[in-house]
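build me a model:
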Amino acid sequence: MNKKGIGLCGSHRTGKTTLAKEISEKTGVEFIQTSTSEVFSQNGLHPSEPMDFTTRIWIQNKVVSAAEKVWSEAQERFITDRTPIDMMAYTLADIDGASSVDFSALEEYLGHCFRVTDSLFSHLFILQPAIPLVHEEGKAALNRAYMEHLNILMQGLCCDQRLHCPVVTVPRHIIPLDDRVEVIVDIVSEKEKKAKL
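As a prediction, this is how the structure comes out:
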């Protein structure tokens, strides 16, 4: 039984959910969708509202724990449209020069996220801001600068020595859905062939 997952990382509006569902449909790999907004709602919060660091790190720990539970329960290979890398990036992006940060709590949170990633994921793919942005009701704001900020944070987190899971950044020019599917499926298949040798 292989419980390792394929994780799609990236800021909002980069096509992660659409791509994960398409890969699932074409390969039979289970798609697991996590719901950050649901965890926030259950705890009386909203992801877009300002909050102090103590509240932010408290709710982010709940988010990663809820996702970890769902991913851990997968019986076979799975693909998901959110990873602990995303969760760390959004947490870090919320810290500004005026934030009062408990660095011990932050380090504990980051360490937990890296451990979850290493224990549950065999492949990570970063989707960069590239696809055309279209306004959709209920979707995150179309702030290209913020999306790029998150993209850089995620790429930096994927270079951290605490991460041992292989990471591939999908080139920006690969935009058509079928091409993105092909790139990811080919890379996963090739790595799995090599692992069996």
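
would you map the helices across the protein?
When secondary structure is read from DSSP state H, the chain shows helices at 16-27, 36-42, 53-72, 84-93, 103-120, 144-157, 177-196.

can you say which of those is packed in most?
Across the helices of the chain, the average number of neighbours (mean count of other CB atoms under 10 Å) peaks for helix 84-93, which reaches a mean of 23. Any C-beta I mention is one placed from the backbone N, CA and C, and that applies to glycine too.

which residues does the lengthiest strand in the chain contact?
Among the elements of type strand in the chain, defined by DSSP state E, the one spanning the most residues is strand 121-127. Residues lying outside strand 121-127 but in contact with it, judged by CB atoms under 8 Å, 6 or more residues apart in numbering, are 4-10, 14-16, 19, 83, 85, 117, 151, 154-155, 158, 165-170, 180, 184, 187-188, 191.

that strand vs helix 103-120, what angle?
110 degrees (axes from the mean of the first three to the mean of the last three CA atoms, to 10 degrees).

can you pull the phi and psi angles for residue 130?
Main-chain torsions, residue 130, degrees, to the nearest 10: phi -150, psi -40.

you'd agree it is up against residue 14?
Yes. Taking contacts as CB atoms under 8 Å, residue 130 lies within contact range of residue 14: 7.1 Å.

chain neighbours aside, what residue packs nearest to residue 80?
Here the nearest residue to residue 80 in space, its sequence neighbours aside, is residue 32; by CB to CB, 6 or more residues apart in numbering that works out to 4.7 Å.

count the residues that sit near the one you found.
The local packing count at residue 32 equals 18, with neighbours defined by other CB atoms under 10 Å.

out of residue 130 and residue 14, which sits in the more crowded spot?
Neighbours around residue 130 and residue 14, counted as other CB under 10 Å, are more numerous at residue 14. The numbers are 23 against 17.

wait, the more buried one touches residue 147, no?
Yes. In this structure residue 14 lies within contact range of residue 147 using CB under 8 Å: 7.3 Å.

which neighbours do these two have in common?
When contacts are counted by CB under 8 Å, 6+ apart, residue 14 and residue 147 are jointly contacted by residue 129.

so where is this structure shaky, pLDDT-wise?
In the prediction, the chain carries residues with pLDDT under 70 at positions 1-3, 135-141, 195-197.

next one: residue 74 from residue 29, what distance?
From residue 74 across to residue 29, the span is 10 Å (CB to CB, to the nearest Å).

err, residue 14, not the other one
The gap separating residue 14 from residue 29 is 20 Å, by CB to CB.

what does residue 61 give?
As judged by CB to CB, residue 61 and residue 29 stand 28 Å apart.

and what of residue 22?
With the distance defined as CB to CB, residue 22 ends up 11 Å from residue 29.

the longest strand of the chain pairs with which strands?
Strand 121-127 has its sheet partners listed here by DSSP bridges as strand 5-9 (parallel), strand 167-170 (parallel).

ok so, going back, how about CSV for the helices of the chain, with distance to residue 134 added?
Output for the helices of the chain, formatted as CSV (distance: least, CB to CB, whole Å):
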stretch, distance to residue 134
helix 16-27, 12
helix 36-42, 20
helix 53-72, 26
helix 84-93, 21
helix 103-120, 30
helix 144-157, 13
helix 177-196, 15
